[in-house]
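Chemist: no sequence on this one, just coordinates:
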């Protein structure tokens, strides 16, 4: 399988108090089609910055992105953005729009006017996340888990080639988080989309990821890579007792703890 | 793109915030000046900025008593309005029955143009400054009150729960949690009240007062001294900037 | 036991109003203050009914015309000023302070000056209302447009949204509560400006009626006009608040 | 049988909203011995936060009674200040008051209880030093990180050395490594002071790691479904996580909480 999405030598620095802070110092990674890759790292290592560069939200200082054979310029172009489905850290829904209109937003912005077609796409996306009978609620009326599922539906509605998630379940409680992990795995399994997910939770990374990449502290690079050879069936039924999973978990925990101590948090 | 070296030197920061509005004002004055000269509008009809500048310095002494009278009346009225508004807000936010009874009335009160009452009050209280002060208080205190009540009622629930778990009494809960948490809402009310105080104060002077810059404007116009009338408006605008500026500076001292 | 709060919210203020009227009645009878200074509520009531057909209705119409036209010019004008200047950071930093100064300067001061310019002309009143309301609406709308949560800006950038489209899809709805603060303030200032313009310019209008009635010491008519002016102010405020509760449902 | 230190007897709680009433808790009975570390685990909406708020007398039960150290709560008898000072409450969101410095926040309970602050100055400094926060004493909450404010929240809850410490998911919002360090700090504090700790959490692993006993609850309505004794020895350290028995306890509790179907999530 060809490399579907590759980053080479991505660099990024920000202006701190009067001097430049280097956050990303040459990130190289490549993702194959239909693969689920998780990226981990301590807080402040620049993983959110990395995914914002991939999403074209902030410009990169250096390095190359090759996405499905095309290498976008400094700013990721509009066509490429149509091919990306993005799930943000907070659910980032527009409070004044109903669930239906929130999910329909990308289609409207991409200029697809046909009402009937949009309706079909939106309802299909809502069914995928199990919110079809909440379509006319506004975000205030939904629980945290439901709001995040709406934003997943919003990312899926324009049938993107790649799904990018920036710590989507960070703000949710542990049990809702586990349920949404199960759901995200099911959606990935059924839609066969390529997924890249940023997380700070080891269990989540191993449960979802086919490969887990670990970033060092800033200025960060990819320093470790763990292959997770578990099939979808193995992941779904009581993974907690699976020996491979337990071994990988202690190894990943050791790696994350071995990164030199992060800034006092 | 702001270059960050400019940003963090204090004088530079002051310049970068102060300069643009000053430049814009200078441009507007220049346009006004040129329009007057080009359209050769007679001086008595529309004064030119240069004449107003001259008038500002020339009759400062002559206008001083009026300036003082307007400044004192508006400031006293404004401060009393803030005090009354706050006190009633404290009462309303602690007794829900009081809030249900008074809040709709206070909302109505702030929509009633007090300037219409000035002629009536003058019949009762004569043409002294207290008519203006009362008009300012009645027009301005509702805004302080309404914004403060909203701020005190929508206090952050977690912070309130901390007070409940410590079993703090009403006074402690108010001083340690409710008031500091709602302080920004109170300042919003105070800022809006300053607008009302300015507008009502000067309008009452024009409508009926004897002393004060408002009535001096009418006096100057009758003698077609437009430049002097404009100088009075400048003094009034300066008072507005002073009050609004002091409120913002005081609010910036709050650390949270 | 908890009184049903809906009933309390409606009759409590009514009870207080009735108490105030009774108090007013008691003050007049006890201190038998002269009619010219403070007429009794009954007298004001009768003056209102008698003169309603004739003078009061005409003046009310004149004032309502001035207020509404002035307000309906000031709202879009303030909105457009805020919208355009919110697009350029330099514009925001220069226009905002000037708008604040305009907001703080009572436009009633310009009435005598404009009278020189235009003579006594009713359109002058509309100009005063526009000049008094526009800065307040512009300042509040602009401060709403300036603060857009970073996450929502990122959302629009991620969708590759053009500047003006993201302005109308995100910036404006997000600023709605702030815009309505400006609109509600605007309608308070609109009433004040209209009344003080009436009094200074004359040519009809409730303010003028009050001025004339008080100089002819027909104080009952004057108070009747004041009551109508008060109702106008409250009505305009209520209309704007109802529109707000329809649009801003998510707060 | 002799009454335990804290006992909750068939307590139910019904919340009245305008439209309908929600049965949050149904016939709950729990007991806590003096100096015991007990966790309560369950899905969101099972009413565990309501229970500890009842023990702290913030919320009154609709039925049933709560007895703390021999004193049964009575709606119209307010707690004496001596009873109040036995209780320490620690919130999920530290909610430090931004208008006080870190030290003033820690001393807030003393100010409310009307204590002489100078007396406790030494204790505050030693507690702050214990968690390496002494240098931040005069800083403002806005200047410190999430993990640090969580530590301050804990110290604030224990400054008046309460006998009972109620903790409502104190470390829910923190990332893994910070949570583990704070867990160890909490165990140290618990060992040194011998306070009774009621610990609410979503995180099953955290509950098993820290506590001697775990109450497992279910939602709709909130009911206790199990009371599991955890004997993993006195010394609880992080490398317990890898052990066999630890995994078993976690799976047992997770299965108890059960497969929550999609529609039922709160």
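Modeler: Noted; the coordinates are in hand. From a predicted model like this one, the values you see are computed outputs, not experimental measurements. Numbering: from 1, shown residues only, chains lettered A, B, ... in the order given.

Chemist: who's in contact with residue D:42?
Modeler: Residue D:42 makes contact with D:48, D:216, D:217, D:218, D:219, D:222, D:257, according to Cβ atoms under 8 Å, 6 or more residues apart in numbering or on different chains. Every C-beta, even on glycine, is put in place using the N, C-alpha and C of the backbone.

Chemist: and the host helix or strand of residue C:66, does that touch chain B?
Modeler: Using DSSP states H and E, residue C:66 maps to helix C:57-85. No - using Cβ under 8 Å from any Cβ of the partner chain, helix C:57-85 stays clear of chain B, coming no nearer than 10.1 Å.

Chemist: which outside residues touch the next helix or strand after that helix?
Modeler: Next along the chain after helix C:57-85, taking DSSP H and E as the criterion, comes helix C:89-104. Residues outside helix C:89-104 that contact it (Cβ under 8 Å, 6+ apart) are B:16-17, B:20-21, B:23-25, B:28, B:194-195, B:198, B:237, B:240-241, B:243-244, C:81, C:84-86, C:131, C:134-136, C:138-139, C:142-143, C:146.

Chemist: let's see it at 6 Å
Modeler: When contacts are defined by Cβ atoms under 6 Å, 6 or more residues apart in numbering or on different chains, helix C:89-104 is touched by residues B:20, B:21, B:24, B:198, B:237, B:240, B:244, C:85, C:135, C:136, C:138, C:139.

Chemist: those residues into a markdown table, with extra columns for neighbour count, secondary structure and pLDDT?
Modeler: As requested, these are exported to a markdown table (neighbours: other Cβ atoms under 10 Å in any protein chain shown; DSSP: H, G, I helix; E, B strand; the rest coil; pLDDT from 0 to 100):
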| residue | neighbour count | secondary structure | pLDDT |
| --- | --- | --- | --- |
| B:20 | 20 | helix | 85 |
| B:21 | 18 | helix | 88 |
| B:24 | 17 | helix | 90 |
| B:198 | 25 | helix | 93 |
| B:237 | 17 | helix | 91 |
| B:240 | 23 | helix | 93 |
| B:244 | 20 | helix | 93 |
| C:85 | 22 | helix | 91 |
| C:135 | 26 | helix | 94 |
| C:136 | 29 | helix | 94 |
| C:138 | 28 | helix | 95 |
| C:139 | 25 | helix | 94 |
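
Chemist: residue contacts, residue C:147?
Modeler: Contacts of residue C:147 (Cβ under 6 Å, 6+ apart): none.

Chemist: name the nearest residue to residue 207, ignoring sequence neighbours.
Modeler: Because you didn't say which chain, this covers chain A. The shortest distance from residue A:207 to any residue other than its chain neighbours is 5.4 Å, reached at residue A:181 (Cβ to Cβ, 6 or more residues apart in numbering or on different chains).

Chemist: I was thinking of chain D, sorry if that wasn't clear
Modeler: Nearest residue to residue D:207, sequence neighbours excluded (Cβ to Cβ, 6+ apart): residue D:39, at 3.8 Å.

Chemist: elements contacting the helix or strand hosting that neighbour?
Modeler: Residue D:39 is part of strand D:37-41 when elements are defined by DSSP H and E. Packing partners of strand D:37-41 (3 or more Cβ pairs under 6 Å, 6 or more residues apart in numbering or on different chains; DSSP states H and E): strand D:196-201, helix D:204-210, strand D:213-218.

Chemist: let's have the ones you listed in TSV, adding distance to residue A:177.
Modeler: Formatted as TSV, those follow (distance: least, Cβ to Cβ, whole Å):
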stretch	distance to residue A:177
strand D:196-201	14
helix D:204-210	12
strand D:213-218	19
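
Chemist: will you turn the ones you listed into CSV that also has mean pLDDT?
Modeler: Listed next are these as CSV, based on pLDDT from 0 to 100:
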stretch, mean pLDDT
strand D:196-201, 92
helix D:204-210, 88
strand D:213-218, 90
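
Chemist: would you map the helices across chain A?
Modeler: Using DSSP state H, the helices found in chain A span residues A:47-54, A:78-82, A:99-109, A:115-128, A:144-156, A:174-191, A:202-208, A:232-236, A:243-258.

Chemist: give me whichever of those is most buried.
Modeler: Of all the helices of chain A, helix A:144-156 has the most neighbours on average by mean count of other Cβ atoms under 10 Å in any protein chain shown, namely a mean of 25.

Chemist: does that one reach chain D?
Modeler: Yes - using Cβ under 6 Å from any Cβ of the partner chain, helix A:144-156 comes into contact with chain D via residue A:145.

Chemist: show the average pLDDT along that helix.
Modeler: Mean per-residue pLDDT for helix A:144-156: 91.

Chemist: helices or strands next to it in the packing?
Modeler: Counting by 3+ Cβ pairs under 6 Å, 6+ apart, the packing neighbours recorded for helix A:144-156 are strand A:84-87, helix A:99-109, helix A:115-128.
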